[in-house]
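> dropping a prediction and its sequence here:
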Amino acid sequence: MKRNEEGTSVSDKNNQSRAKRVLVVTAVSAEREAVMRGLKGASHVDVLVAGVGPVAAAASTAAALARTEYDLVVSAGIGGGFAGRAEVGTLVVAEEIICADLGAETEEGFCGLDELGFGTARFRVEKGLVLRVTEAVRAAGLPVTAGPVLTVSTVTGTASTAARLAARVPGAAAEGMEGFGVATAARNRGIPVLEIRAISNVVGPRDRSAWRIDEALEKLAATISVLQEVIL
Ligand SMILES: O=C(O)c1cccc(C(=O)CC[C@H]2O[C@@H](n3cnc4c(=O)[nH]cnc43)[C@H](O)[C@@H]2O)c1
């Protein structure tokens with residue numbers, strides 16, 4: 001398969017081929033169990049519990065990619081949805097995977113790694129992949145949206161932080177803690193990456209009573225089941 005300017009393999013418009021060997025990376029075992037429920041025994045898909053946060057995700061994903069050759073990596077889990085962009089129960093497909101707190105604090109505000117000239121804190125996901133996934137999930141009757149997904153090391157817990165992140169990344173749809181770590185490990189080997197988040201809570205003031213983790217996990221399982229028909 002030819003590679004695009006992002007260095008990842010792409011399917012040409014006539015070759016909607018499915019991945020031959022897929023690594024799905026979750027943070028915790030409850031997410032892995034949801035993915036396994038959706039997979040219904042697909043033998044070419046491995047599901048890794050990498051741990052919570054970008055560092056654990058990157059290290060665990062890199063170790064798995066060093067052991068086995070994959071042609072697609074998926075960061076999958078629950079996430080927070082930005083108000084007005086992704087409500088609780090929605091599935092978010094990342095168009096960009098952005099490490100939202102990788103950079104420097106300045107008097108003028110946050111300065112990202114890209115602006116500092118020390119590399120990149122954001123990966124674009126192959127457009128064709130985003131479109132195929134989003135359309136398939138929507139066709140299955142599941143609420144879905146595509147947009148930037150932020151990776152943070154500290155879960156947002158106030159309205160002011162949520163507003164600041166939403167202003168800094170126009171269109172930000174969801175927040176998680178692992179996507180950029182998974183994407184870094186995949187990109188280092190030129191492997192296409194996808195991030196999907198089933199929304200369990202609203203990004204903002206901490207309200208654990210408002211979490212809908214079980215509902216989000218069921219949406220994750222249903223989404224994986226759809227993906228198995230399209231790309232997995
Ligand atoms: O204690 C809290 O206020 C709190 C609020 C939301 C999430 C957490 C977690 O510790 C979950 C971390 C775990 O789940 C993913 N996740 C789910 N919701 C979010 C979120 O709003 N922001 C970031 N990550 C979220 C995350 O990928 C982790 O794997 C605690």
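The structure has been received and is ready for your questions. Numbering: from 1, shown residues only.
> correct me, but residue 158 touches residue 165?
No - if you go by C-beta atoms under 8 Å, residue 158 and residue 165 don't touch, sitting 10.6 Å apart. C-betas here are computed from N, CA, C, even on glycine.
> neighbour count winner among these two?
Neighbours per residue, other C-beta atoms under 10 Å: of residue 158 and residue 165, the larger number sits with residue 165, 21 against 12.
> in three-state terms, label that one for me.
helix (DSSP: H, G, I helix; E, B strand; the rest coil).
> let me see the contact set for it.
82, 100, 150, 156, 172, 175, 203 (C-beta atoms under 8 Å, 6 or more residues apart in numbering).
> and with 10 Å instead?
By C-beta atoms under 10 Å, 6 or more residues apart in numbering, the contact set of residue 165 is 82, 98, 100, 101, 110, 150, 152, 156, 172, 175, 203, 204.
> thinking again about what came up before, so what sits against both of residue 158 and residue 165?
Joint contacts of residue 158 and residue 165 (C-beta under 10 Å, 6+ apart) are 203, 204.
> residue ranges with poor pLDDT in the chain?
1-17 (pLDDT under 70).
> quick one, strands of it?
Taking DSSP state E as the test, the strands found in the chain are 22-26, 45-49, 72-81, 91-99, 103-106, 109-112, 122-124, 144-151, 174-176, 193-202.
> residue 138 contacts residue 90, correct?
No - counting by C-beta atoms under 10 Å, residue 138 does not reach residue 90; the two are 11.0 Å apart.
> these two - which one has more neighbours?
More neighbours surround residue 90 than the other of residue 138 and residue 90, with 20 against 16 (other C-beta under 10 Å).
> touching, that one and residue 220? I think so.
No - applying C-beta under 10 Å as the test, residue 90 and residue 220 come out as separate, 11.5 Å apart.
> what touches both of these two?
In contact with both residue 90 and residue 220: 79, 197, 198, 199, using C-beta under 10 Å, 6+ apart.
> might one say that residue 188 is in contact with residue 62?
Yes - with contact defined as C-beta under 10 Å, residue 188 reaches residue 62; the gap is 7.1 Å.
> and those two? Which one has more around it.
Of the pair residue 188 and residue 62, residue 62 is the one with more neighbours under other C-beta under 10 Å, namely 17 against 13.
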